[in-house]
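Enquirer: pasting the sequence and the predicted coordinates here, then a few questions.
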Amino acid sequence: MRALVALLAAVPLLAAAMPAAAAEPAKAAKPAPAAKPAAGRTVEMKVTDDGFVPEKVEAKKGEPLTLVITRLVEKTCATDIVVKDYGINTPLPLGKAVTVRFTPTKSGQVRFACAMDMIGGVVVVQ
Ligand SMILES: [Cu+2]
């Protein structure tokens, strides 16, 4: 019991010790500042014959999520990535790493997909 109390007491201290985590949570809805590209979580993603790989990404509410997406196949429907809930619609040129960044503002599933919403996946936000 005592250890649990100590652990809970340490959580805000840990958060305060990390500059990225301490960056005003109230502004979480805004795009992450360009000056802090390393803030939050970064996931490398490919577009292959199987679609978006991985097709399931885990993220944390209030924590910036950066997807670095490279389309590896020429013949695919997924020449764009659309994250409707966050107003993202970004072209995916062949062979070029494209960065898409947003901060999930609520827990649950956020769908991402091609422009026709055929090939896609989910960001599971906790
Ligand atoms: Cu499509």
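Expert: Received, thanks.
Enquirer: could you measure from the closest residue to Met116 other than its chain neighbours over to Arg71?
Expert: What sits nearest to Met116 in space, not counting adjacent residues and going by Cβ to Cβ, 6 or more residues apart in numbering, is Cys77, at 6.1 Å. Backbone N, C-alpha and C define where each C-beta goes, glycine included. In this view, Cys77 and Arg71 are 11 Å apart by Cβ to Cβ, to the nearest Å.
Enquirer: give the helix, strand or coil label for the residue nearest to Met116.
Expert: Put simply, Cys77 is coil when judged by DSSP: H, G, I helix; E, B strand; the rest coil.
Enquirer: burial check on it, number of neighbours?
Expert: 15 (other Cβ atoms under 10 Å).
Enquirer: got the contact list for it?
Expert: Counting by Cβ atoms under 8 Å, 6 or more residues apart in numbering, Cys77 makes contact with Cys114, Met116, Met118, Ile119.
Enquirer: can I assume the first one is in contact with Asp80?
Expert: Just to be clear, that refers to Cys114. Yes. Cys114 is in contact with Asp80 according to Cβ atoms under 8 Å; the separation is 6.1 Å.
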